[in-house]
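Asks: What follows is a protein structure lacking sequence information:
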């Protein structure tokens, strides 16, 4: 009779639940061990953190060749990495000089980088170049290629010369901005002496 009652549907369900109980307990233990365990917060390793070899405030760097000054960089802060020959700078102003040592353009930007092996420069963040002749160039980033003597930018560029405005992408110019070209999506607004605007 006892066997008969334990074989009833209710008894069978109770037996199956009891039989599965160890499995459920083991599964819960596994989930607790792997699924519910809080992960430790990731911390930067020694390889992630790059410490400069030197730091400086009110930093100045001048690049010259054959005794003539090519450009001078001022920065509110600079970090130097000797193994990579890099200088990362903040709040940057760079003045460019011609072969006679006369200043012909000034660049300002939020940040800059100097590649000391090549004397190439990078500028990022609200980059503005103004020339002594009154040309103004605006972009988010540009590079100065020292050997070629060129300013290049892959981003959007706006060049203003008096009342004329040219915009586009793929900028390349001499440092005086007298000769430049844009490779794509070029737009121009030319204003004549009477104030009429033509869009090209």
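Replies: Happy to help now that I have it. Every value quoted in this text rests on a predicted model; they were computed, and no experiment measured them.
Asks: Tell me which residue is most central in this protein.
Replies: Nearest residue to the geometric centre of the chain (CA atoms, centre = their mean): residue 124, 6.9 Å.
Asks: At which residues are the helices of this structure located?
Replies: Using DSSP state H, the helices of the chain run over residues 2-6, 9-34.
Asks: What mean pLDDT does the longest one get?
Replies: If I follow you right, that is helix 9-34. Per-region confidence: helix 9-34 scores 50 on mean pLDDT.
Asks: One more: stretch 103-113?
Replies: On average, stretch 103-113 scores 94.
Asks: isn't residue 50 right up against residue 80?
Replies: No: counting by CB atoms under 8 Å, residue 50 stays clear of residue 80, with 11.7 Å between them. Bear in mind the C-beta positions are built from the backbone N, C-alpha and C, glycine included.
Asks: Between those two, tell me which one has more neighbours.
Replies: More crowded of residue 50 and residue 80, by other CB atoms under 10 Å: residue 80, with 19 against 12.
Asks: For the more buried one, give me its contacts.
Replies: 52, 53, 54, 55, 56, 86, 87 (CB atoms under 8 Å, 6 or more residues apart in numbering).
Asks: Give me the buried entries from these.
Replies: Among the contacts of residue 80, those buried by neighbour count (16 or more other CB atoms under 10 Å) are 56, 86, 87.
Asks: Low-confidence stretches in this protein?
Replies: Scanning the chain for pLDDT under 70 picks out the ranges 1-48, 200.
Asks: Could I get the full set of strands for the protein?
Replies: 54-65, 68-81, 86-97, 103-115, 120-131, 135-145, 150-161, 164-173, 180-191, 197-199 (DSSP state E).
Asks: Which strands or helices does the third one pack on?
Replies: In this case it means strand 86-97. Using 3 or more CB pairs under 8 Å, 6 or more residues apart in numbering; DSSP states H and E, the elements in contact with strand 86-97 are strand 54-65, strand 68-81, strand 103-115, strand 120-131.
Asks: I'd like those as CSV, with distance to residue 178 appended.
Replies: Output for these, formatted as CSV (distance: least, CB to CB, whole Å):
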stretch, distance to residue 178
strand 54-65, 21
strand 68-81, 17
strand 103-115, 9
strand 120-131, 8
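Asks: If residue 173 is in a bridge, with which residues?
Replies: Counting by DSSP bridges, residue 173 is bridged to residue 151, residue 180.
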